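In: Compute the structure for the input listed below.
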Amino acid sequence: MTLEMIIFIVLALIAAVSSVLMILRLNAVISALFLVLNFFALGGIYLLLQAQFIAVVQVIVYAGAIMVLFLFVLMLLNTEKEENLLKRAKYLKIFAIVAAFIVFAEVAYVIINSNVSAQFAAFRPYAGNGTIQTIGHSLYTDYIVPFEAAGFLLLAATIGALLLAKKKFK
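Out: Residues are numbered from 1 along each chain as shown. Predicted structure coming up:
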């Protein structure tokens, strides 16, 4: 077993365990922190796949910006006073357990009866696919028009948000 495989197994276990703990925690802030741990583990898996750009974006955008915003919203909402939904409707817990079992059975069926790994056993992807250089080259050559259109759309959305948020002074 190679070092790469050991690191992958460790990161996969961290991602799986933190995702389960995220769902099982009653405190929303603790759940959000487990989600941040999951994002870091996924970033590590992207690094193992030699997709440096995607790993950096995963950590900076998701674990950094979005989760900080999410934690601020959770702390502002004061979720301690919220009524527990499962106390009102006890049938939802049974429905959730049945639905989770059905989804787990479907995933297990697909994994057991598929032969996808044999098709890709000899396939080794090009190591430079996730690098910043190849993504930048592709953006500025093949996808320049959609890239510029997305830039103009984001600029228009920013200007619209500023105009809507502007206070009117008399």
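In: how does this structure divide up, domain by domain?
Out: Domain ranges of the chain: 3-130, 131-170, per automatic domain parsing.
In: okay, those domains, which one's buried deepest?
Out: domain 3-130 (a mean of 13; mean count of other Cβ atoms under 10 Å). Every residue, glycine included, has its C-beta placed from N, CA and C.
In: roughly how far out does it sit from the chain middle?
Out: Relative to the chain's own centre, domain 3-130 is displaced by 7 Å; criterion: Cα atoms, centre = their mean, to the nearest Å.
In: The protein: helices as residue ranges?
Out: 3-24, 28-48, 52-57, 67-77, 85-88, 91-113, 116-119, 132-141, 144-165 (DSSP state H).
In: rewinding a little: mind putting the domains of the chain in a markdown table, mean pLDDT included?
Out: A markdown table is the format used below for these (pLDDT from 0 to 100):
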| stretch | mean pLDDT |
| --- | --- |
| domain 3-130 | 81 |
| domain 131-170 | 84 |
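In: center of the protein, which residue is that?
Out: residue 39 (6.2 Å; Cα atoms, centre = their mean).
In: Tell me how far it lies from residue 134.
Out: Separation of residue 39 from residue 134 (Cβ to Cβ, to the nearest Å) stands at 23 Å.
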